[in-house]
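Asks: Have a look; sequence and predicted model below, questions after that.
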2 protein chains.
Amino acid sequence: MKTEHTPKRRRGRPPKGTEGYSKTREALVRAGLEVLTEKGFSASGIDEILRRVAVPKGSFYHYFASKEAFVVELIDHYAAYFALKLDRYLTDESLSPLLRLRAFVTDAEDGMARHQYKRGCLVGNLGQEIGALPEIFRCRLEAVFADWQDRVEKCLLAAKKAGEISPWAQCNKLSAVFWIGWEGAVLRARLEQSPKPLKAFAEFFLTEIAH
Amino acid sequence: MKTEHTPKRRRGRPPKGTEGYSKTREALVRAGLEVLTEKGFSASGIDEILRRVAVPKGSFYHYFASKEAFVVELIDHYAAYFALKLDRYLTDESLSPLLRLRAFVTDAEDGMARHQYKRGCLVGNLGQEIGALPEIFRCRLEAVFADWQDRVEKCLLAAKKAGEISPWAQCNKLSAVFWIGWEGAVLRARLEQSPKPLKAFAEFFLTEIAH
């Protein structure tokens, strides 16, 4: 953190450890999330992300060690944001467990519509591109899916306890199926620029598992 | 087709209309399908495809008008190949309709394993990348899904007639759900390098719709 007293040498780039540095770094993460949820990894250029934040070309490595390190941070950031969102719905005790899952689905429909179906799921996008990505991303993305599955599984266990689904339901398997199908639904919703695939999959899943 | 009598000017590129020209063109389509089912559009370079077929750089436009035209041809080629595959299973009258769908699922599992889970579905890959693709691809990809859905819908109607699924089943909706979830399953199978997501989704879908 020796740069704090040498602002002149940085020519506009705030030194590490200052508020400006952190803000720019956060802005880069936000812009990265926007670009990658729309275009995926391979079609996204660092230059475009830097332009959005008005950070000069060549400054990128001042903020992140590599493009890979940047994307790993995007995955972590997205996973944390999404875990909070899931919790907001799936632990809402004012609703029955299956209605909580429905509320998450409705929120996702609204979110995709708000962005004109341009933005998908970062984890789904990167998963689809796995053949062109550094191997390090694979276990990171699997871990995110495992975390999301755990959260939905807990909600389904609550649904079982509440008698909304069969007492013999295998909640871990059902949760896995939910995420498999849901990512497919997000993909199709973007392609068709419509909420129909999200509604169709959720309706089938929720109707079939209901007791 | 004026090039047929000027072989010297082509330096190794067979003139249009000849067997060599067609063979090279077909080889480029095959190589394009291999590369794009592994990596998607944005991460695939024309150079890599040309190298695989040992076609010299710069010759690409001798065979295709543009990268877009090439990819449209890949989509059409893949759609035709896949329609044949679907028909082989879904119209096999030696099996009951639901067993036909199961046979297709088993074939897909085998296919993904044979390619070490590196190759996905071209249509799913391009669908996921739609935010970075020329708009012309969108309706093409939607049309392919519509065609696949029609074929599965017919099989489900036969399952209804045979009493394998409920007489009230809405086969068009079920077929749409099958393809939404199936593409999600292919995505996850590649990510996890495992047939489990394919098996999990198919098992849920086929068990739930069975009468």
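Replies: Sure thing, it's come through. Just so it is clear, the structure is predicted and the values come from calculations on it, not from any experiment. Residues are numbered from 1 along each chain as shown, chains lettered A, B, ... in the order given.

Asks: Remind me which helix or strand the closest residue to chain B within chain A belongs to.
Replies: In chain A, the residue found nearest to chain B is A:Gly184; the distance is 2.6 Å by Cβ to the nearest Cβ. (C-beta placed from N, C-alpha, C; glycine too.) Element membership for A:Gly184 (DSSP states H and E) is helix A:171-192.

Asks: I figured A:Val55 was touching A:Thr24, is that so?
Replies: Yes. Contact criterion Cβ atoms under 8 Å: A:Val55 and A:Thr24 qualify, at 6.2 Å.

Asks: for stretch A:42-49, the distance to its chain's centre please.
Replies: Between the centre of stretch A:42-49 and the centre of its chain there are 18 Å (Cα atoms, centre = their mean, to the nearest Å).

Asks: An error on my part: the question was meant for stretch A:164-179.
Replies: The offset between the C-alpha centroid of stretch A:164-179 and the centroid of the whole chain comes to 23 Å, using Cα atoms, centre = their mean.

Asks: Neighbours of A:Ile136, how many?
Replies: Counted with other Cβ atoms under 10 Å in any protein chain shown, the neighbours of A:Ile136 add up to 11.

Asks: got it, and A:Leu84?
Replies: Look at A:Leu84: counted by other Cβ under 10 Å, it has 9 neighbours.

Asks: Any figure for the gap between it and A:Val123?
Replies: Counting by Cβ to Cβ, to the nearest Å, the gap between A:Leu84 and A:Val123 amounts to 15 Å.

Asks: And A:Lys57, by the same measure?
Replies: Between A:Lys57 and A:Val123 the computed distance is 29 Å (Cβ to Cβ).

Asks: Tell me which of these two has more neighbours.
Replies: A:Val123 (25 against 9).

Asks: Doesn't that one belong to a strand?
Replies: No. When DSSP: H, G, I helix; E, B strand; the rest coil is applied, A:Val123 is found to be helix, with no strand at that position.

Asks: does chain B sit close to stretch A:125-145?
Replies: Yes. Interface with chain B: stretch A:125-145 contributes A:125, A:127-132, A:138, A:141-142, A:145 (Cβ under 8 Å from any Cβ of the partner chain).

Asks: Residues contacting stretch A:190-205, please?
Replies: A:102, A:105, A:108-109, A:112-113, A:116-120, A:177-178, A:181-182, A:184-189, B:127-128, B:130-131, B:138, B:141-142, B:145, B:173-174, B:176-177, B:180-181, B:208 (Cβ atoms under 8 Å, 6 or more residues apart in numbering or on different chains).

Asks: out of the residues you listed, which are buried?
Replies: With neighbours counted using 16 or more other Cβ atoms under 10 Å in any protein chain shown, the contacts of stretch A:190-205 contain these buried positions: A:102, A:105, A:108-109, A:112, A:117, A:119-120, A:177-178, A:181-182, A:184-189, B:127-128, B:130-131, B:138, B:141-142, B:145, B:174, B:176-177, B:180-181, B:208.

Asks: what angle sits between the one helix or strand A:Met112 maps to and helix A:171-192?
Replies: Assessed by DSSP H and E, A:Met112 sits inside helix A:97-114. Direction vectors for helix A:97-114 and helix A:171-192, defined by axes from the mean of the first three to the mean of the last three Cα atoms, to 10 degrees, enclose an angle of 20 degrees.

Asks: Give me the mean pLDDT for helix A:97-114.
Replies: Confidence over helix A:97-114 (mean pLDDT, whole number) is 97.

Asks: so how far is that helix off the chain centroid?
Replies: What separates the centre of helix A:97-114 from the centre of its chain is 15 Å, taken as Cα atoms, centre = their mean.

Asks: packing partners for it?
Replies: helix A:67-90, helix A:136-161, helix A:171-192, helix A:196-209 (3 or more Cβ pairs under 8 Å, 6 or more residues apart in numbering or on different chains; DSSP states H and E).

Asks: and those, which is most packed in?
Replies: Comparing the helices and strands packed on helix A:97-114 by mean neighbour count (mean count of other Cβ atoms under 10 Å in any protein chain shown), helix A:171-192 ranks first with a mean of 24.

Asks: quick one: average pLDDT of it?
Replies: Mean pLDDT, computed over helix A:171-192, is 97.

Asks: Show me the shaky parts of chain A.
Replies: A:1-13 (pLDDT under 70).

Asks: Count residues in the vicinity of A:Phe104, would you?
Replies: Per other Cβ under 10 Å, the neighbour tally for A:Phe104 reads 21.

Asks: shouldn't it be in contact with A:Thr91?
Replies: No. A:Phe104 is not in contact with A:Thr91 according to Cβ under 8 Å; the separation is 10.9 Å.

Asks: Now the spatially most central residue of chain A: closest residue in space, sequence neighbours ignored.
Replies: Residue closest to the average C-alpha location in chain A (Cα atoms, centre = their mean): A:Tyr78, at 4.1 Å. The shortest distance from A:Tyr78 to any residue that is not its chain neighbour, by Cβ to Cβ, 6 or more residues apart in numbering or on different chains, is 4.5 Å, and that residue is A:Leu122.

Asks: List the residues that contact that neighbour.
Replies: Contacts of A:Leu122 by Cβ under 8 Å, 6+ apart are A:33, A:36-37, A:74-75, A:78.

Asks: do the same with A:Asp92
Replies: A:Asp92 sits next to A:100, A:103 when contact means Cβ under 8 Å, 6+ apart.

Asks: what about 10 Å?
Replies: The contact partners of A:Asp92, by Cβ atoms under 10 Å, 6 or more residues apart in numbering or on different chains, come to A:99-100, A:103-104, A:155.

Asks: got it, and A:Gly111?
Replies: Applying Cβ under 10 Å, 6+ apart, one finds that A:Gly111 lies in contact with A:85, A:119.

Asks: Could you do A:Glu183 as well?
Replies: A:Glu183 makes contact with A:120-121, A:123-125, A:127-128, A:145, A:148, A:201, B:128, B:180-181, B:183-185, B:187-188, B:191, B:197, according to Cβ under 10 Å, 6+ apart.

Asks: now do 6 Å
Replies: Going by Cβ atoms under 6 Å, 6 or more residues apart in numbering or on different chains, A:Glu183 touches A:124, B:184, B:187.

Asks: then stretch A:21-40 to PDB, C-alphas only?
Replies: Extracted C-alpha coordinates of stretch A:21-40, given in PDB (Å, rounded to 0.1, in the frame of the first residue of the first chain):
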ATOM      1  CA  TYR A  21      -9.500   2.600  -5.800                       C
ATOM      2  CA  SER A  22     -12.200   0.500  -4.200                       C
ATOM      3  CA  LYS A  23     -14.900   2.300  -6.000                       C
ATOM      4  CA  THR A  24     -13.400   1.800  -9.400                       C
ATOM      5  CA  ARG A  25     -12.700  -1.800  -8.600                       C
ATOM      6  CA  GLU A  26     -16.400  -2.300  -7.600                       C
ATOM      7  CA  ALA A  27     -17.500  -0.500 -10.700                       C
ATOM      8  CA  LEU A  28     -15.400  -2.800 -12.800                       C
ATOM      9  CA  VAL A  29     -17.000  -5.800 -11.200                       C
ATOM     10  CA  ARG A  30     -20.500  -4.400 -11.800                       C
ATOM     11  CA  ALA A  31     -19.700  -3.700 -15.400                       C
ATOM     12  CA  GLY A  32     -18.100  -7.100 -15.800                       C
ATOM     13  CA  LEU A  33     -21.200  -8.800 -14.500                       C
ATOM     14  CA  GLU A  34     -23.400  -6.700 -16.900                       C
ATOM     15  CA  VAL A  35     -21.300  -7.600 -19.900                       C
ATOM     16  CA  LEU A  36     -20.700 -11.300 -19.100                       C
ATOM     17  CA  THR A  37     -24.400 -12.000 -18.200                       C
ATOM     18  CA  GLU A  38     -25.200 -10.600 -21.600                       C
ATOM     19  CA  LYS A  39     -22.500 -12.000 -23.800                       C
ATOM     20  CA  GLY A  40     -20.600 -14.700 -21.900                       C
END
